[in-house]
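**Q** Fold the following.
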Amino acid sequence: MEGRGNYGRHGAGDGVEVNRGGGPNVPVPVVLMDNPPAKSHLHVPPNPSQTDLTFLSCNTPDANQDGSTAGQKRPAPDSCEPRMPKNQKSSFTISSTPYQNSDLDSDIKSLNPSDGSAAHSNTIELLANFFKVQCSSEATILQFDIDINPTKLPKDRDLRRSIFKKVVEKLGDELFYNRRANRIFGGIGEVNGDGQIFKVDTPDLDGTEESYEFHIKKKAMPNHSEIDDLLDRGNLLNIHARSFQQSLKCTEQGLALCMDHTVLPLKEPLSVIDFLKQKVEGFSASIEKGNFKELDVLVRQQVELKLKDLKVKVTHRKTSERFTIKGLTDKITSNITVDRWDKSTGQSTKIGLDDYFKDRYRHIIQYLHLPCLDLGNRNFVPMELCELAEVHMNRKAKSKLDEYSTAKPSARKEKIYELVQSGSRGRAALEKLGLTVEANMMKIDGHIIDLPALKVGGGQKVGEVQTKAGGPRLKKGMDVVDGVPVKNWALVVFTSSALDVLTNEDNENKYVTGLQSGFNELGMNLKKPSLKQTFDVQELSDVSRVEDMLKKVVIAAGPELDFVICVMPEKHEGYRYIKWVSEMKIGVITQCCLAAGAEKSEKCRFFRNLALKINAKLGGTNVELDNHLLGFEEEDSIMLIGASVSHSEAQNKCSSSIAAVAANIDPSMARYAARVRPQARRTEKILEFGEMVNELVKAYESKNKAKPKKIIIFRQGVSESQIDMVLKEELPNMKSAISDGGKYSPSITLIVVVKRHRTRLFIDSDNNENVPKGTVVDSQIVPPSPNKWNFYLCSHRSFSGTVKPTYYRVLYDENKLTPKKIQELVYKICFTCARSIYSVSLVPPLYYAGLAASRGQAFREALPDEVNQGAQSRYTLESKLKDAMFFV
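**A** Purely as a prediction, here's the structure:
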């Protein structure tokens, strides 16, 4: 039942665009209870007259019981989905009968029953941002369906919302409604609209008035799947704010409302002209009144660099479409002509672009001396008629946003309480529905997993001491386990006249000495580069120029070139060209970085992190577990697999999705390889999952002379309705692909991992600290289950803001793992990430799969259009890099 939000960089998953429950922001009240009744489980009877109870199931692997399929609306991965048989009436009922196994439980192999939480030595009292929802056994909910004529509503989201808001205003204020299903819900006596027909007038995007006729029809009481949808899409709390996210969840203690505070940047329109004034030095001088002049070559280069690939909206006509800037026109606006069709003569004539906009849109172009924006397909639009479609903030605004979004635990907890308390004004509607929400967060029990012992260079062992600061695992004086000696490397610096950071010998030497110090800190030596070369940043603007440049660098640097450092003045589209050419055509390791890193106060950490990444790419090992058996027998060999799919943005109707699978190819689980495949757009199923895993199993075998006996798969990005697809399509496909004609059959465990959720954990005290690293919660707030196969884990230290746990859900297990063993296994491997000196929030196999998928996106964007034709075309790495950690 959890709605989907858009997640950005702020607050480790806080929505940059807030999800307000999925529907329009219509006030719906909440009832707060000072003395809540005893806890109980929520159940749904198939019929009010029957005594047998149908239990709420949070696990529905098959097609939804209401007849919907995986292609239709689905909840988020960690949500629960109460369902009832189609066309049966329902009401809420409270029962204390224990939870029964769902269909999914029967699909899990060799599960070990568990009484209570996994037995870890340390316990901790916590609060979760869950608020219990109590349901009256006498609650009655009425459903009203709406027929709309014309049936096709405006495409603009705000217009659709305004239409439904007017409908609700006519019927009554205290209502829930589902805009997508054209349904309204309310208690008895609230809606008097049965049989009504009325009209709503609203302006369309082109300014014309459109009239919509609504037919209101009273239906029987909704089935429970519809109530589920109502609670999901209604604004359950009467909150007049845009800074919250909510979802309704099934837990072991019953139904609960998960409420979280979030932050979003409020977008103000910014024209392309104003954007360039802020970002490009010398641009303002060219548009001063009375001093109009064409852009000089250097300023034009910077303008094109700043604008290319940005999303813009046009202002000369009403449309919600967003366009991608492909570049600038060669000619200035006053010299561009277009063809205009004359209906009277049946012929086309040439007309100046400025005259075209004057005649067609009644707009007089002001900056005729500037080039137009090329928006693709010969769509040339003057700069002054475009505004940015994305939020672009200056440093001060970014700093302020970071301050708000990274609230400390006590501040975030207080804000959540304020949001819940703000709903107290509207008790009436929820009382009629028989629903009440408690005022206090749920108190839960957590456990702290012991820290693992780690192995570093020189035979040292590190048993990390958990301090208040949560110190790093690789401390000063500790060497990497296996540092690869570097014999030959090259430094390539890209410079820009406007952003001239590394142009002289002194600065280049400072960069070299900084990198050498980073290597020395980790116990490795780095000689001076055999080649130092400087290029203009414009060399990165075309893939063929990048290829010629890198080939020259490789030849000039001499034989056995280990890697090339590419220093860029700022983020540039040429990054994707460098990676495609170096990894798919030439076969040389490249490490790209920004020049500003050498100037930062934390430059020692910057160079050390570069050294970690380079060593991993070259085949070295930075850190590994002292005991890599992870609770298995000594003769067992283990392969950890991470699988993920990366999609292009929703507005992109052409680009394929990228599937990536990463797996360790050594017994110590420190060295990984990855396989990347493009596939049909927005397809979540990994179409070639079996073939990709089979290639990785063969890579493991070639390096270790044996195949792994145990395989543990971590799958990310799976929603509730896609679990059946993973269990019954991806998993059998993988088993069949690796079986080698029935000769190979490893035992397999499959775990779904969820990062995009709203659960937050707080220490149950007045201090302002985050929950300790290693905190695990496997009861009370997890979906009800006879086995403890769902758990939240905080495996990392939060440097700012409130730590966000990762949710793990075991779907399939042939390894007969206990809950404690699974939790310890996941926590321990989070300390082995090659590009961090700290434990990370996500298991490394998935971390690497995400990086490999991102690299696949870069490959796709760098490939010529004709190469990208067909979603099943493959990205084949150069043979020397096929099993390297090129993606870190």
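
**Q** what stretches of the stretch 401-550 of the chain score poorly on pLDDT?
**A** Residues of the stretch 401-550 of the chain meeting the criterion pLDDT under 70: 423-433, 458-477, 497-507.

**Q** Which stretches in it count as helices?
**A** Using DSSP state H, counting those that start in this stretch, the helices of the stretch 401-550 of the chain run over residues 409-421, 427-433, 505-521, 543-557.

**Q** which one of the ones you listed is the most hemmed in?
**A** Mean neighbour count (mean count of other C-beta atoms under 10 Å) peaks for helix 427-433 among the helices of the stretch 401-550 of the chain, with a mean of 21. From N, CA and C alone the C-beta is placed, and that goes for glycine too.

**Q** Could I get the average pLDDT for the lengthiest strand in the chain?
**A** Criterion DSSP state E: the longest strand present in the chain is strand 209-219. On average, the pLDDT along strand 209-219 is 71.

**Q** buried stuff in that strand?
**A** With burial defined by 16 or more other C-beta atoms under 10 Å, the residues of strand 209-219 counted as buried are 210, 212, 214, 216.

**Q** which other helices and strands contact that strand?
**A** Under the contact criterion of 3 or more C-beta pairs under 8 Å, 6 or more residues apart in numbering; DSSP states H and E, strand 209-219 touches strand 142-149, helix 157-171, strand 197-203.

**Q** weakest of these by average pLDDT?
**A** Looking over these, mean pLDDT reaches its minimum on strand 197-203, with a mean of 68.

**Q** re the thing from before, nearest to residue 311, of the buried residues of strand 209-219?
**A** The shortest gap between residue 311 and any of these belongs to residue 210, at 27.8 Å (C-beta to C-beta).

**Q** So that closest one is in contact with residue 199, correct?
**A** No - between residue 210 and residue 199 there is no contact under C-beta atoms under 8 Å: 10.4 Å.

**Q** in the stretch 251-400 of the chain, which spans are strands?
**A** Remark: strands assigned in the stretch 251-400 of the chain by DSSP state E, counting those that start in this stretch are 254-261, 311-314, 323-324, 327-332, 337-342, 347-352, 371-374, 380-381, 386-388.

**Q** Tabulate these (a markdown table), appending mean neighbour count, mean pLDDT and distance to residue 524.
**A** Shown next, in a markdown table, are the strands of the stretch 251-400 of the chain (neighbours: other C-beta atoms under 10 Å; pLDDT from 0 to 100; distance: least, C-beta to C-beta, whole Å):
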| stretch | mean neighbour count | mean pLDDT | distance to residue 524 |
| --- | --- | --- | --- |
| strand 254-261 | 24 | 88 | 43 |
| strand 311-314 | 18 | 92 | 43 |
| strand 323-324 | 18 | 89 | 42 |
| strand 327-332 | 16 | 93 | 43 |
| strand 337-342 | 12 | 86 | 60 |
| strand 347-352 | 12 | 89 | 63 |
| strand 371-374 | 23 | 95 | 47 |
| strand 380-381 | 20 | 95 | 52 |
| strand 386-388 | 20 | 94 | 44 |
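
**Q** just to revisit the earlier point, so which of the buried residues of strand 209-219 is the closest to residue 540?
**A** The closest of the buried residues of strand 209-219 to residue 540 turns out to be residue 210 (C-beta to C-beta; 48.3 Å).

**Q** Would you mind measuring from the closest one to residue 166?
**A** Distance from residue 210 to residue 166, counting by C-beta to C-beta, to the nearest Å: 13 Å.

**Q** do the same with residue 791
**A** If you go by C-beta to C-beta, the gap between residue 791 and residue 166 works out to 46 Å.

**Q** which one of those two has more residues nearby?
**A** Neighbour count, other C-beta atoms under 10 Å: between residue 791 and residue 166, residue 791 has more, with 23 against 17.

**Q** which SS state does the more buried one fall under?
**A** Here residue 791 is strand, with the state taken from DSSP: H, G, I helix; E, B strand; the rest coil.

**Q** you'd agree it is up against residue 781?
**A** No - using C-beta under 8 Å, residue 791 makes no contact with residue 781, being 10.1 Å away.

**Q** quick one on the thing from earlier: with respect to residue 755, which of the helices of the stretch 401-550 of the chain lies nearest?
**A** Nearest to residue 755, of all the helices of the stretch 401-550 of the chain, is helix 409-421, at 17.9 Å by C-beta to C-beta.

**Q** Strand 254-261 and the closest one, what's the angle between them?
**A** Interaxial angle of helix 409-421 relative to strand 254-261 (axes from the mean of the first three to the mean of the last three C-alpha atoms, to 10 degrees): 120 degrees.

**Q** Which strands or helices does the longest helix seen in the chain pack on?
**A** The single longest helix within the chain, with elements called by DSSP state H, is helix 844-862. On a contact count with 3+ C-beta pairs under 8 Å, 6+ apart, helix 844-862 meets helix 574-581, strand 638-646, strand 657-664, strand 672-679, strand 710-716.

**Q** Run me through the strand neighbours of the shortest one, direction for each.
**A** If you go by DSSP bridges, strand 710-716 pairs up with strand 638-646 (parallel), strand 747-754 (parallel).

**Q** who touches the last one?
**A** By C-beta atoms under 8 Å, 6 or more residues apart in numbering, the residues outside strand 747-754 that reach it are 76-78, 709-716, 718, 723, 726-727, 731, 735, 806-815, 817, 822, 826, 842-843, 846.

**Q** Now that strand: average pLDDT?
**A** On average, strand 747-754 scores 96.

**Q** For residue 134, give the beta-bridge partners.
**A** Bridge pairing for residue 134 (DSSP bridges) gives the partners residue 436.

**Q** That one: neighbouring residues, count only.
**A** Neighbour count of residue 134, defined by other C-beta under 10 Å: 21.

**Q** for residue 794, same thing?
**A** By other C-beta under 10 Å, 25 other residues sit near residue 794.

**Q** Now mean neighbour count too, for the strands paired with strand 710-716, in a markdown table please.
**A** Shown next, in a markdown table, are these (neighbours: other C-beta atoms under 10 Å):
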| stretch | mean neighbour count |
| --- | --- |
| strand 638-646 | 25 |
| strand 747-754 | 22 |
